[in-house]
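Asks: need a structure here:
(one chain, ligands or ions: 1)
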Amino acid sequence: MMDSLDTFRLYVNDGLSDEEIAAQAARYQPLAQDLRDLIVLSIQSRGGDDDILAARKHLSDAKSILERDRETGPYGTRFNDSGTFRTWGNAAIGLRNPIAPPLDLQFEDDGRVWADFHLHAGYEGPAGFAHGGVSALVLDQLLGDTARHAGAPGMTGTLTVKYRQPTPLGDLRCEALLDRIEGAKAFAMGTISGPDGVCVEAEGVFIAPKWMREQREHTGVQGVQ
Ligand SMILES: CCCCCCCCCC(=O)SCCNC(=O)CCNC(=O)[C@H](O)C(C)(C)COP(=O)(O)OP(=O)(O)OC[C@H]1O[C@@H](n2cnc3c(N)ncnc32)[C@H](O)[C@@H]1OP(=O)(O)O
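Replies: Numbering: from 1, shown residues only. Prediction:
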């Protein structure tokens with residue numbers, strides 16, 4: 001089990017320049033998108049035995065190339081001296097993570113946070129609709145980032161999700177706002193909407209635990225992610 005020290009070690013200033021970060025983003029983001037496309041093709045391909053075997057051979061070659069020089073373990077949160085944060089392994093927003101839809105969060109001056117996003121066929125739960133756990137994933141991240149945007153980053157303590165109507169796959173919008181901050185706790189609420197209106201509502205309590213307060217003291221960074 002990871003303890004608070006392990007967690008702290010996953011917040012790393014790796015000293016990269018903004019130019020190198022941009023170069024890495026340009027290099028790795030298309031790879032994540034290719035893999036996202038492959039997730040959908042894994043579900044939708046009508047290929048026969050020969051086509052699937054041939055495709056798997058190419059994928060095996062790709063794996064061999066990608067394994068030549070690699071890290072192990074989770075990506076964590078990386079930042080640099082200019083304060084550019086990267087959570088590129090994050091399951092909801094990670095630039096390098098093909099599991100992420102991804103959410104491209106927009107932060108408004110009035111505290112609202114929103115994103116237009118797309119759930120492809122790989123997020124299916126009930127036939128033709130989004131999996132409820134995926135909706136919760138989206139709302140957890142959105143509300144958590146709303147708390148962080150308000151200067152109160154924290155771990156999710158409680159997330160309450162109300163499914164008002166089935167969430168269609170496809171193009172969706174999520175939006176959230178901060179309700180209030182009480183000591184170490186930030187309360188946020190938000191929704192996911194589709195073409196027929198609000199599908200899912202959520203309320204969340206985000207709590208800054210002790211290790212996070214200590215980490216902020218060590219790094220001097222308030223907006224840890
Ligand atoms: C870092 C920024 C991240 C931004 C993006 C986030 C998006 C992703 C968010 C996640 O997915 S986080 C992963 C899912 N969450 C977890 O794994 C959290 C696991 N639980 C914990 O780490 C701790 O239990 C927790 C930090 C939630 C609380 O630990 P503390 O040791 O800080 O709690 P403490 O007992 O000192 O209580 C502090 C206050 O919080 C309240 N509290 C504690 N646990 C709670 C809970 N679970 N729900 C609601 N309130 C809670 C508690 O009553 C108290 O209220 P008061 O100040 O009013 O007395």
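
Asks: how would you label residue 32: helix, strand or coil?
Replies: helix (DSSP: H, G, I helix; E, B strand; the rest coil).

Asks: Could you find the closest non-adjacent residue to it?
Replies: Spatial nearest neighbour of residue 32, chain neighbours left out: residue 98 (4.7 Å); criterion: Cβ to Cβ, 6 or more residues apart in numbering. C-beta: built from backbone N, CA, C; applies to glycine.

Asks: which residues of this structure score low on pLDDT?
Replies: Along the chain, the model assigns pLDDT under 70 to residues 1-9, 213, 215-217, 219-225.

Asks: let's go with 90 and repeat that
Replies: In the predicted model, the chain carries pLDDT under 90 at residues 1-11, 83-84, 209-225.

Asks: Any residues of it in contact with the ligand? List them.
Replies: For the chain, the contact set with the ligand under Cβ under 6 Å from any ligand atom comprises 140-141, 144-145, 148, 153-158, 183-185, 205, 207, 209, 224-225.

Asks: Could you measure from residue 124 over to residue 71?
Replies: Taken as Cβ to Cβ, to the nearest Å, the spacing of residue 124 relative to residue 71 amounts to 31 Å.

Asks: Name the residue in the two with the higher neighbour count.
Replies: When residue 124 and residue 71 are compared for neighbours, residue 124 comes out ahead with 15 against 6, by other Cβ atoms under 10 Å.

Asks: Quick check on that one: phi, psi?
Replies: The phi/psi pair for residue 124 (degrees, to the nearest 10) reads phi -70, psi 140.

Asks: Likewise for residue 190?
Replies: phi -170, psi 180.

Asks: follow-up on the earlier one: can you get me a residue count around the residue nearest to residue 32?
Replies: 17.

Asks: Contact partners for it?
Replies: 32-36, 38-39 (Cβ atoms under 8 Å, 6 or more residues apart in numbering).

Asks: Name the residues of whatever helix or strand residue 140 lives in that come out as buried.
Replies: Secondary structure from DSSP states H and E places residue 140 in helix 132-149. The neighbour-count check on helix 132-149 (16 or more other Cβ atoms under 10 Å) flags 134-149 as buried.

Asks: surely residue 79 meets residue 86?
Replies: Yes - between residue 79 and residue 86 there is a contact at 7.0 Å, judged by Cβ atoms under 8 Å.

Asks: Can you show me the helices along the protein?
Replies: For the chain, applying DSSP state H gives helices covering 4-9, 18-44, 49-67, 132-149, 210-219.

Asks: Could you identify which of those is most buried?
Replies: Ranked by mean neighbour count under mean count of other Cβ atoms under 10 Å, these are led by helix 132-149, which reaches a mean of 22.

Asks: separation between the nearest residue to residue 181 once chain neighbours are set aside and residue 86?
Replies: The shortest distance from residue 181 to any non-neighbouring residue, by Cβ to Cβ, 6+ apart, is to residue 152 (5.0 Å). Using Cβ to Cβ, residue 152 is found at 21 Å from residue 86.

Asks: Quick one: residues contacting the residue nearest the centre of the chain.
Replies: Nearest residue to the geometric centre of the chain (Cα atoms, centre = their mean): residue 92, 2.0 Å. Counting by Cβ under 8 Å, 6+ apart, residue 92 makes contact with 100-103, 137-138, 140-141.
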